[in-house]
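[1] dropping the sequence and predicted coords here.
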Amino acid sequence: MTIGETLAEFDGADSMPFDEHNVSAALIKIIPENKDEISDELRYELMAFDFQEDYVSIDTGWGTYFGPLGIWTQEDGTIVESPSISLVTQQTLDYWLMRSGEVVNPVLAARYLGLVWDFTERVTNTKPRYEIGIKYLNALLDVAKGKYHKHHTVAFTKLERALELAILFSNEKMIQECKSVVLMYEKEVAIDTSPGLWGYSFDLLLLNKKVSLTTEETAAIITQLEGILNRTTNTEGDAKVDPWAGEQAATRLASYYAKNKSPKDVRRVMLALGKAFNHAIVESSPMQAQSQMEMLYRLYKKFGLPESEEILIKIREIGPAAANEMQVVSSSMQISNKEMEDFLNSITSGTVQQVLHNFILQFLPFKEKAKEQLFQHASQDGFLYTVSTKLYDSKGRVVATIGSLDSDLEGHLVREISQDITISSYFLRAALQRIHEKSILGKDEILSYISSIPLIPEDHTEIIARAVDAYFLSDYMTFIHFAVPQIEEAMRNLLEMCGGTALKPQRGGGYHLRTFDDLLRDELLINKLGPDLTHYFRVLFTDPRGWNLRNLTCHGMVSAKYFSESTADRLLHALLCVGLVRRKDENAS
């Protein structure tokens, strides 16, 4: 088939609804085997329907509404975009503009005009003509009016774009036209149990100060949402309760009523939603029920309902059952005896000071190395890094959430380092055993090393001695309870030595100590210890996405089995890391 014949299948006023990817797929079929023979015309058409609309990623840095369909990094570090804006020339724009005047179907016209409007300034350093924007806007509206697009959600995206343009042009007539089409289209396609097909009138119009609504139009939008809320949360009728759809309606209604100072209505819609969720959890698994209750708790808290405390009790009650649903996932690795011997010898060779130095640095995680490792893992198993992850404690309570890699790099980095120090526990134990076997670093040497650290007050050395005694007696519970507060106190002392303060004013007068996590985020402390050590301490002691050793221990949130050999080994390493401050000072002197 020719290009014209291929596109003719889509270019009719009575064509079946389709999307831009359908056009691209049809064009791909006529690419010649010898790709060098692709004509400019086919190349322009392929590009036109491969660009992604409403592109939200910041990776490309184009600053445009349209973006590449895909972007990836090659082995040599170069970034590849497909399609790339660098391939768009004046000739490309002229071709798209010509095609926009030839086609009948508004889906095609909107794509050609949209690219010309969006890319002209970036490619030619000149602004596009105003009439091109108006034609683009009208094509977008026509897509919805005639239901030409295959997906209603995408049609709403086009309506949002049309409204943005009308507001940009300060064209009140076009703003009113956009408003009318949004109201009409939503009324025709809305389905209660499909939240992606309604709510746009509220989001795009009622919340938009640039759009004027009549009293009747506002009332109609609110009435529609009230109807959806009633139908999706009604536990008395025959229809299946759908609290997730109800949540979309209730959240919008509650925000509207809160803004209009109607707390009774806020409470009414939230309690209706709560009734639906409580009805739904009867048939849900414990983990599903817990997720539903967490959603409800956040909403109750957001809108000031005192019943939020009751939801917390339910979450706690569901926790143990949710924890029992979780399955253990394990992995294994192999290391030869020679590799292990070489590793242990590299740490335990030399003087006591050299062994200490080797041991500390070997098991100290470095942020940049962990980041490289993280991106490597993401490239191998990308899906796991595109979704959010919930972290649970031993009772099944959610203690932290890690977003996608794009939105929460720090959260993923904390988890990466946390997993690394867990995996390295075996090697840490082996190193400590070898050090003990060689009589290099026993109780006396460790006490001598720690007691001379300027961050440990002289009157605290007895506490440290009791802690170290407990470690060597395998009384790890005592060691951990004694050592953790001393490391926290050492950080407070270091901050004050650097000219900072460990105190914060409290309500009612007086002062209280800053939290351990707050100390570790202080720039003075970061500059003194370095970003790697302070980040390591946060992962180990205060971040709920990491080991969170300080908070779990001091708040009594763990059972006796938590105070294990591997936890104690890691804490001993952290205690020795505090000595790096002294060693740096000594070397400077």
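    Structure received.

[2] got the contact list for Ile417?
    Contact analysis of Ile417 by Cβ atoms under 8 Å, 6 or more residues apart in numbering lists Pro365, Lys367, Ala370, His535, Tyr536, Val539, Gly546. To be clear about C-beta, it is placed using only N, CA and C from the backbone, and glycine gets the same treatment.

[3] in those residues, find the pair that's most separated.
    Within the contacts of Ile417, Lys367 and Gly546 form the most distant pair, 12.9 Å apart (Cβ to Cβ).

[4] next secondary structure after the longest helix anywhere in the chain?
    Looking across the chain with DSSP state H, the single longest helix is helix 476-497. Using DSSP states H and E, the next helix or strand after helix 476-497 towards the C-terminus is strand 503-505.

[5] returning to what we had before: so which of Lys367 and Gly546 has more stuff around it?
    Gly546 (26 against 17; other Cβ atoms under 10 Å).

[6] could I get the pLDDT score of the more buried one?
    Looking at Gly546, its pLDDT stands at 92.

[7] lowest confidence element among the helices and strands of this protein?
    helix 579-588 (a mean of 57; mean pLDDT, DSSP states H and E).

[8] okay, now the unreliable bits of the stretch 251-400 of the chain?
    Within the stretch 251-400 of the chain, the stretches with pLDDT under 70 are 323, 326-333, 382-383, 392-397.

[9] please redo it, this time with the cut-off set to 80
    287, 319-320, 322-334, 379-399 (pLDDT under 80).

[10] what's the burial count for Ser336?
    Other residues close to Ser336 by other Cβ under 10 Å number 8.

[11] this protein: strands as residue ranges?
    Ranges of strands in the chain, per DSSP state E, are 70-73, 79-82, 389-392, 398-402, 503-505, 511-513.

[12] next up, the contacts around Thr218.
    Thr218 neighbours (Cβ under 8 Å, 6+ apart): Leu206.

[13] what's the answer for His535, then?
    Contacts for His535 were tallied using Cβ under 8 Å, 6+ apart; they are Pro365, Lys367, Ile417.

[14] for the closest residue to Arg466 other than its chain neighbours, give me its contacts.
    Distances taken as Cβ to Cβ, 6 or more residues apart in numbering place Phe482 nearest to Arg466, at 5.8 Å, with adjacent residues excluded. By Cβ under 8 Å, 6+ apart, the contact set of Phe482 is Ile463, Ile464, Arg466, Ala467, Ala470.

[15] quick check: nearest residue in space to Tyr65, chain neighbours excluded?
    Residue nearest to Tyr65 in three dimensions, not counting chain neighbours: Asp118, with 4.8 Å by Cβ to Cβ, 6+ apart.

[16] got it, and Trp62?
    Ile85 (5.5 Å).

[17] ok, back up a step: and which of the contacts of His535 is nearest Tyr95?
    Among the contacts of His535, Lys367 lies closest to Tyr95 (Cβ to Cβ), at 48.3 Å.

[18] pull the contacting residues for that closest one.
    So Lys367 contacts Leu413, Ile417, Pro531, Asp532, His535 (Cβ under 8 Å, 6+ apart).

[19] can you redo the residues you listed as JSON lines with pLDDT?
    Below are these laid out as JSON lines (pLDDT from 0 to 100):
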{"residue": "Leu413", "pLDDT": "93"}
{"residue": "Ile417", "pLDDT": "94"}
{"residue": "Pro531", "pLDDT": "92"}
{"residue": "Asp532", "pLDDT": "93"}
{"residue": "His535", "pLDDT": "95"}
